[in-house]
Each structure stands twice: as C-alpha cells, then as structure tokens.
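Colleague: Give the three-dimensional model of this entry:
(4 chains)
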Protein chains: 2
Amino acid sequence: MRAQASAAPEVKSKSVRSDPPISALRLGSQVEIAESSECHQQELCLPTGLLDGLLMEFASVIVCHRRLRLGQALYRAGEMFEAVYLVRAGFVKSVVLLEDGREQVTGLTMPGEMLGMDGLASGHHASDAVALGEGEVCVVPYHRLENLGHEARSMQRKLHRMFSSEILREQRMMLLLGSMCAEERVAAFLLNLSQRFAALGYSPSEFVLRMTRDEIGSLLGMKLETVSRIFSKFQRSLLIEIEGKHVHIVRIEGLRGILGV
Amino acid sequence: MRAQASAAPEVKSKSVRSDPPISALRLGSQVEIAESSECHQQELCLPTGLLDGLLMEFASVIVCHRRLRLGQALYRAGEMFEAVYLVRAGFVKSVVLLEDGREQVTGLTMPGEMLGMDGLASGHHASDAVALGEGEVCVVPYHRLENLGHEARSMQRKLHRMFSSEILREQRMMLLLGSMCAEERVAAFLLNLSQRFAALGYSPSEFVLRMTRDEIGSLLGMKLETVSRIFSKFQRSLLIEIEGKHVHIVRIEGLRGILGV
DNA sequence: CGTTGCGTTGAATAAGGTCAAATAGAGTGG
DNA sequence: CCACTCTATTTGACCTTATTCAACGCAACG
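Modeller: Purely as a prediction, here's the structure:
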C-alpha cells in the first residue's frame, strides 16, 4: 500500500534538521579532529563542531577514518578485536547470531556513539557490526586507548564510564525485552530515537528510520508484521505519522503515556 | 513477607557437591586472600583455594568483606557508586525497576563473579543487588581499582575484560529474551547454571536453585506459571528431575537439543 | 493451627506469530 | 524509457504460545 519514499528519503532527514547544530551541548574543550568535510551531505552525520564528549576525548588516539556503505561490515563475529569505533556519520547495527541461524539485532549505534567494546573480553568480536547505509567511523585502536588510560587517570575513568554506559544500555534493553509488551517496545524505541536525534541537534519529532521493519523487529524482539501493525495503529491513534521510513512524532506525550510515564 | 529460607533448603546444596572442589580450574597463581573459614557451611561458596582469576587478581585491593542475609541489599538503585563486589559465597540477584512498579531481574551473580559495574557511568547504581540467601562479598572500592589499573597495564586490561564480559553476558541475555521461546529460555537457563556450578567445582547435574519461580520468570521474561509448567514438562520428558528448588539434570543433551545445539 | 508464601495445574483469554496476498518502489537490463 | 524483478511493507485470517485467573496443596512460621 503505502510503500513510498522514493527519491530522496535520506535527503529529507537533512531538511528536517531544525535546531542549531552547534547548540547547548556540554563540550569540554575544542578538538583537533579532521573536519567532516568529506561527510556526504545525504547522510546524517555528526555536525562539524558538535562533538560528543567521548569523541573529543579520544580524538587524539583516532588513527584513521573508515567509510562504510550499506551492508558493509565494520567487523564480524569471530574477528580479532583490535579497535573500538566512534561513529561519525550514518548508522551501524550490531547483530549476534545463534548457532541455528537465528539472528538478533542487539544495538543501533548513531553518530557520536561508540561500538565494538564487546570484543575485549575474549579478544574476538562477539557480534557483527553492519552499516545501515553510507557512513563513516573513527578507528580507535585498543592499544592506544590503553596508553591513554595508563597515562591519565581521568582518561581511564572516562574509558570505564564508556564501558559502563554500554552495560546500562543493554540493561535497559533487557528491561524492554523482558517486561514490555509489543506496543510499549515500539513506543520506547521511537522515544529513544527521538532523544538521540535531539542530542545530535536534529529534530526530535521528525526523522528517518534507517532500519527495515525486520531489523526493528529483531531489535525489539518481535516479528516485522507486528512492528508494521503497531506503526499503523499509532498512526490511526494520531500519535505519529509514518510513511515508509519517515517518521513524524505528532504527540510525544501520547507515546510516553503508552510507557506509563 | 518474603522471609523464608531458614534452615534446610540451603543445606541440600552442600550434600550435592560432588566434584573435588580444588579441581582443574585454570588458576594462574596462588593468592594471599583471607581464608574463607568464616564462610557458612550451608552456603554455596567459593571453595577455599579455588579462586577465579578475577578474584585473585583483585585480591590486593579488597578492603573488606560483607555478609549478607536473605533479601538484604548490597546496594540499591540510586545509591552512590563506590565499589564493585566479588561474590564469595551465596547468590545475588540484580533487579532494575520500571517507573510503574514493574521490575525485572537482570542478572544472577554466583560465587567468583563480580557485580556492580553498572554504577560507574552515572556515579549511581542503576539497579538493586539483593542477596538470595546468606552470602558474602568482597568489597572492591572503585578508586582502588583505578589505582591498580593505573599502575599496571596488565591490570588495566583485566579490568577492561571484566567490563567487556559483563557486556557479553548481557548480550547473550538479550538474545535469549529477544529470540527464544519459553522452553528454550528455561533450557538455556538450566544449562547456564549447570556450567557455572561446574566451574565452581560443584556438580553440573545436580544443584539448588536459589530463586523462586517468580524470580526465574522475571529473569527469563516470562510469568512464574510458565516457568513452573515448563519445569514440569521437562520432568515429564525425563530431561530433569525437579522438586521445589532442587534440580537434577538427567539428560543434558536433551536440554541442549531444545536449544537446537 | 490458622496464616502466608511458594509452587502446581487447569481453563479461558489475549497477544503475537504464521501464512498468504496485494501493492509499490527501486533497481536492472534491454 | 519500459518491462521485469526483487524487496519492503501492509493487511487480513488463522493459529500457537504464553498470560491471566482461579483453585488447591504444601511447608514454614508465629
């Protein structure tokens, strides 16, 4: 039916950007990171100058950038762990596979966020990291991080906090998967995205999903049909407008209400 | 309310111990940690001399031990984060609460394992840690860990691995919650326990659950009745024998089969 | 010895999953 | 530029699974 989003779905996200990009984000100091001039305009990216605290802190140990295209893997499960990655532009999904072929999306990493920390324990990555479109990441070799942590106590602590944040994120995910019904999960998903887009200086009420219904379902522990039905239901209740991957949150309190907040 | 657990059920776990406690565990070196003489005999505890790599490594920064009794909290959500904890005896569950009162058990920590790392990111614990019976933990103040990591690079790496392991554990939990049916979850739960008991030198086929059906259900994302039904079903299929909290795994391959392994 | 918490079980119900069909867009090759 | 294919999405009908509600047994406890 309403399959649409032809020409420029990605471009839209750009037009949607509303807040001033270099707005009130707690920036500690300035940073000598390469300008994101190479960043494709059609991709959601970390606005130049708007850099997450993390990204700034670790700027000095970034050895290189890596471009990714749709479906390309940053790393795969089983590969040697050598670096963690800061997403600079685009979206990356993390996927773990069960022996029997089932797979589950365990995370979605947006610009300004870090991924890859799962590989440290065993020395090998435990999941696949796959780009959901064009993107770019900063490569942060682990041994450099070690040096950094060793030299400055404050750095060490930031590193730990980074790990801990990932633990928290997964904890919240477990809560979602373990104790929410399908509607609540989808509402929580949309609210979470909204908040993260806002933190990047983009509109919190209008954005483009980078995942298919199937991927969203995998992340939220449900089937793609269920995701689709719930999107449609939210639209009928005038909570959102959705057309393909383009989402407009109309009544954010309504979504919050579903979560009982 | 939930006061129970006085004398008997715990004693069973002792009689169950079968493998020699000081068996083939990859111990790196010996350790100068206080003997676990104070360890209550009726509690499952880290056998003297059998210490997890982690526990050994961090022995020098353990400032004190803390006894816990049933239902007592090691920490609660919102409390200041000051230390992580090594479980020496007994079991501890981690619980996170939703605003609306719902709660979910996010983890079960057994002797030799560490908990509390969730508090680092914000400086406040994000979950409650509650003892599932008598127990004892080693208190490892975070600032001491920092020192350790700062001084020795190898220590720093071990610390990171510890964090990473927790991330992996939660990732596996997300997989369980997001893509397994109820029977598979229960089978995975039993197999996981079996493996962890074995690592402690206890029988992998016979052990005592320390959680109620309700707590198990919360951990596995299902209702207590469902847990009970599945235990009964496994018993009817002669995969396990179960009587209250006492479990005997009869056909471990059968359980593995359910997981499609 | 009644009360209370925990566990088991059955019957009814609800939530999601499965299967199938229809539509539309995006991409491909001529 | 068009025909064709492939994939993503939506929706309906039906079915399976797990939850809900309720009853009951058991053991510990005051």
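Colleague: Which residues of the stretch 151-261 of chain A lie near chain B?
Modeller: With Cβ under 8 Å from any Cβ of the partner chain as the criterion, the stretch 151-261 of chain A comes near chain B at residues A:153, A:156-157, A:159-161, A:163-168, A:170-175, A:177-179, A:218-221, A:260-261. No exception for glycine: its C-beta is placed from N, CA and C like everyone else's.
Colleague: Among those, which ones lie close to DNA strand C?
Modeller: When contact is defined as Cβ under 7 Å from any atom of the strand, those meet DNA strand C at residue A:221.
Colleague: among the residues of the stretch 151-261 of chain A next to chain B, which ones are buried?
Modeller: With burial judged by 16 or more other Cβ atoms under 10 Å in any protein chain shown, the buried subset of these is A:156-157, A:159-161, A:163-168, A:170-171, A:173-175, A:177-179, A:218-221.
Colleague: Surely residue A:94 is in a helix?
Modeller: No - remark: residue A:94 does not belong to a helix; assigned using DSSP: H, G, I helix; E, B strand; the rest coil, it is strand.
Colleague: pLDDT at it, what is it?
Modeller: You'll see residue A:94 listed with a pLDDT of 96.
Colleague: Just grab the bridge partners of it for me.
Modeller: residue A:107, residue A:129 (DSSP bridges).
Colleague: is it true that it touches residue A:126?
Modeller: No - Residue A:94 is beyond contact range of residue A:126, at 9.3 Å (criterion: Cβ atoms under 8 Å).
Colleague: Tell me the residues that contact both of these two, please.
Modeller: Each of residue A:118 lies in contact with both residue A:94 and residue A:126 under the rule Cβ atoms under 8 Å, 6 or more residues apart in numbering or on different chains.
Colleague: who has more neighbours, these two?
Modeller: Between residue A:94 and residue A:126, counted using other Cβ atoms under 10 Å in any protein chain shown, the more crowded position is residue A:94 (24 against 21).
Colleague: Would you mind measuring from the more buried one to residue A:131?
Modeller: Taking Cβ to Cβ, to the nearest Å as the measure, residue A:94 falls 11 Å from residue A:131.
Colleague: And what about residue A:228, helix, strand or coil?
Modeller: Residue A:228 is classified as helix under three-state DSSP.
Colleague: Sitting in helices, which of the residues of the stretch 151-261 of chain A next to chain B do you find?
Modeller: A:153, A:156-157, A:159-161, A:163-168, A:170-175, A:177-179, A:218-220 (DSSP state H).
Colleague: any idea what sits nearest residue A:179, other than its immediate chain neighbours?
Modeller: Leaving aside its sequence neighbours, residue A:179 sits nearest to residue B:104 (Cβ to Cβ, 6 or more residues apart in numbering or on different chains; 4.7 Å).
Colleague: wouldn't the one you found be in contact with residue A:176 here?
Modeller: No - judged on Cβ under 8 Å, residue B:104 makes no contact with residue A:176 at a distance of 9.4 Å.
Colleague: Around chain B, pick out the residues from the stretch 1-150 of chain A.
Modeller: Residues of the stretch 1-150 of chain A lying close to chain B (Cβ under 8 Å from any Cβ) are A:96, A:98-100, A:102-104, A:106, A:117-122, A:126-127, A:146, A:149-150.
Colleague: Spatially nearest residue to residue A:78 (excluding sequence neighbours)?
Modeller: Sequence neighbours aside, residue A:124 is the residue nearest to residue A:78 in space, at 5.6 Å (criterion: Cβ to Cβ, 6+ apart).
Colleague: phi, psi of the one you found?
Modeller: Taking degrees, to the nearest 10, you get phi -130, psi 140 for the backbone angles of residue A:124.
Colleague: For it, report the pLDDT, please.
Modeller: Value for residue A:124, per-residue pLDDT: 95.
Colleague: How many neighbouring residues does it have?
Modeller: Residues near residue A:124, counting by other Cβ under 10 Å: 15.
Colleague: How about the contacts made by it?
Modeller: A:77-81.
Colleague: From the residues you listed, pick the one nearest DNA strand D.
Modeller: Nearest to DNA strand D among the contacts of residue A:124 is residue A:77, at 20.8 Å by Cβ to the nearest atom of the strand.
Colleague: Quick check on that closest one: phi, psi?
Modeller: Dihedral angles for residue A:77 - degrees, to the nearest 10 - are phi -60, psi 130.
Colleague: Kindly report the residues of chain A close to DNA strand D.
Modeller: A:1-3, A:212-214, A:224-225, A:227-229, A:231-232, A:242, A:244-245.
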